[in-house]
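Student: no FASTA, just this:
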């Protein structure tokens, strides 16, 4: 499994590219900005993008979905409960003083337990609402991609439309039940592990 994390845009959202090294098929997760940099990483490594996966629909995670789709023809994946947020991303961007192009219609609307496959790599969809209604994490043995559900030392905000702190607490507890050596790649900031977050995350003391 080949992994590249690219912080993109003014808010430095992590765009994550994961490839099957044997087939060169890959997924692009949360392409929020800087499509040229993302596509350079794809092309230089000879990868073929099969899916564009949105952990949630906020503009800093979906801002250049259309560019990547136009370049690759990949299918756009989002949770079924996140479509409303995704469709409102352009308005949200404008509110924050940014502009993004209209987004393409998602072809695949996933839900809890669905499997995303690239060659012999499989990722289980974990529905982890709280930061947004249809937020998802992607889990495979030894690795979880958490979007804005979990950060190193913190969690995602719940004061946006569709946020729910009670649901985020349950999502956090669920992630903390993964094996402690599981690597965590978050939506912003550095990578961490589940074990480290159980010991040091500021929310662990009150939520576990």
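Tutor: Thanks, I have it. For clarity, every value in this text was computed on a predicted model and none was experimentally measured. Residues are numbered from 1 along each chain as shown.
Student: which stretches of this structure aren't confidently modelled?
Tutor: Nowhere does the chain drop to pLDDT under 70.
Student: just the strands in it please.
Tutor: Taking DSSP state E as the criterion, the chain contains strands spanning 2-8, 13-19, 25-29, 48-53, 75-79, 108-110, 115-118, 121-127, 136-140, 143-147, 150-151, 154-155, 183-186, 192-193.
Student: possible to save those strands as a markdown table with mean neighbour count and distance to residue 168?
Tutor: (Glycine included, C-beta is placed from N, CA and C.) Supplementary listing: those in a markdown table, determined by neighbours: other CB atoms under 10 Å; distance: least, CB to CB, whole Å:
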| stretch | mean neighbour count | distance to residue 168 |
| --- | --- | --- |
| strand 2-8 | 17 | 23 |
| strand 13-19 | 25 | 18 |
| strand 25-29 | 25 | 20 |
| strand 48-53 | 23 | 20 |
| strand 75-79 | 23 | 15 |
| strand 108-110 | 17 | 20 |
| strand 115-118 | 16 | 23 |
| strand 121-127 | 19 | 12 |
| strand 136-140 | 23 | 12 |
| strand 143-147 | 25 | 12 |
| strand 150-151 | 24 | 9 |
| strand 154-155 | 19 | 6 |
| strand 183-186 | 21 | 14 |
| strand 192-193 | 18 | 17 |
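Student: Quick check: the gap between the residue sitting nearest the centre point of the chain and residue 40.
Tutor: Geometric centre of the chain, nearest residue: residue 55, 3.3 Å, by CA atoms, centre = their mean. Separation of residue 55 from residue 40 (CB to CB, to the nearest Å): 22 Å.
Student: Please apply the same query to residue 148.
Tutor: 25 Å.
Student: Looking at these two, which is more packed in?
Tutor: The neighbour comparison of residue 148 against residue 40 (other CB atoms under 10 Å) goes to residue 148, with 26 against 12.
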